[in-house]
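A.B. asks: generate coordinates for the sequence data below:
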Amino acid sequence: MIELRPITRDLADAFIREHHRHHNVPVGALWRQAVHDDNGVLVGVAVIGRPVARALDDGLTAEVTRLCTNGTPNACSMLYSAARRIAQDKGYRRGLTYILASESGASLRAAGWQLLWDVKGRSWDCPSRPRTDKHPTEDKQAWGWGAWPTPPQENDR
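C.D. replies: Below is the predicted model of the structure:
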């Protein structure tokens, strides 16, 4: 059995550093949520913040900017469900997260989230501003809940 619990920033960040497959700790957050097993062991964390894309940061949209588990069954869907409920309780109208196109989205579907749009993978590296990519550059999918207007244009993300 697993259960939701609150978590501090330091503990959540340490868990993400140890367990996340392709990202480091996000810079900011509105809140963090944890899942523990029946032995009290931390098995997953979610970080919920403002949308990374400026065009989607309307004050009414919350984004799961990081979700990470140790593989415990149902931990992901429990965290996505909790993120949605808490956001709604706080007055947010929409929720958003992104996954790699190679991921199934099963946990999101189980938590009542819907596929919103596809996002073309890309690098932020360019001649005028060279960068080292620290993230996967493959295609992604945007998933969400709530009332979404038309999908944003590629340049708005």
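A.B. asks: what is the rounded mean pLDDT of stretch 121-135?
C.D. replies: Stretch 121-135 comes out with an average pLDDT of 76.
A.B. asks: what's in contact with that stretch?
C.D. replies: Stretch 121-135 is contacted by residues 22, 23, 24, 101, 136, 137, 138, 139, 140 when judged by C-beta atoms under 8 Å, 6 or more residues apart in numbering. All C-beta spots, glycine's among them, are computed from the backbone N, C-alpha and C.
A.B. asks: output the longest helix belonging to the chain.
C.D. replies: Scanning the chain for the longest helix, with DSSP state H as the assignment, gives helix 75-89.
A.B. asks: I'd assumed residue 73 was in contact with residue 107.
C.D. replies: No - contact between residue 107 and residue 73 fails when scored by C-beta atoms under 8 Å: they sit 10.1 Å apart.
A.B. asks: of these two, which one has the most company?
C.D. replies: Taking other C-beta atoms under 10 Å, residue 107 and residue 73 do not tie; residue 107 has more neighbours (21 against 10).
A.B. asks: just give the nearest non-adjacent residue to the more buried one, would you?
C.D. replies: Leaving aside its chain neighbours, residue 107 sits nearest to residue 76 (3.6 Å; criterion: C-beta to C-beta, 6 or more residues apart in numbering).
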